[in-house]
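> predicted model follows, preceded by the sequence.
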Amino acid sequence: MCAQYAPEVFEFDVDGLAYVKNDAGELQLATGATVPVPVHLRLDVLDAIKDCPGECIHLRRADGDATPLAEDDREALRAEIAA
C-alpha cells in the first residue's frame with residue numbers, strides 16, 4: 001500500500017515487505033530505519049501511514065524527537081500542509 005502512495009519513499013523487497021529508501025534509492029532494511037521525507041511527498045506519506053494495514057510506518061519530527069507523531073498530530077500536519 002505505502003509503495004503505491006509514495007514510491008519515491010517506499011519500495012517492496014524480495015521478502016514481500018516494503019521498506020523506506022534513502023536519497024540514493026537504497027532500501028533501508030534495518031529495524032527502525034528512518035529517512036527524511038521531501039516536502040513535496042509529505043502528504044503522500046501521511047496517506048500511506050493512514051492506510052497502512054500493518055500500522056508499521058511511523059512519522060517523527062525532524063528536530064530529533066524520536067517520539068512518533070500521534071494520529072491527531074498527523075491530521076494537524078496534513079491540514080497545515082494542505083493549506
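Good, I have the coordinates.

> look up phi and psi at the closest residue to residue 36 other than its chain neighbours.
What sits nearest to residue 36 in space, not counting adjacent residues and going by Cβ to Cβ, 6 or more residues apart in numbering, is residue 62, at 6.9 Å. Using the backbone N, CA and C atoms, a C-beta is placed for each residue, glycine as well. Dihedral angles of residue 62 (phi, psi; degrees, to the nearest 10) stand at phi -70, psi -10.

> relative to residue 38, how far out is residue 62?
Relative to residue 38, residue 62 is positioned 12 Å away (Cβ to Cβ, to the nearest Å).

> neighbour-wise, which of the two wins?
Neighbours were counted for residue 62 and for residue 38 using other Cβ atoms under 10 Å; residue 38 has more, 13 against 7.

> what's the longest helix in the protein?
The helix that spans the most residues within the chain, counting by DSSP state H, is helix 71-82.

> so how far is that one off the chain centroid?
14 Å (Cα atoms, centre = their mean, to the nearest Å).
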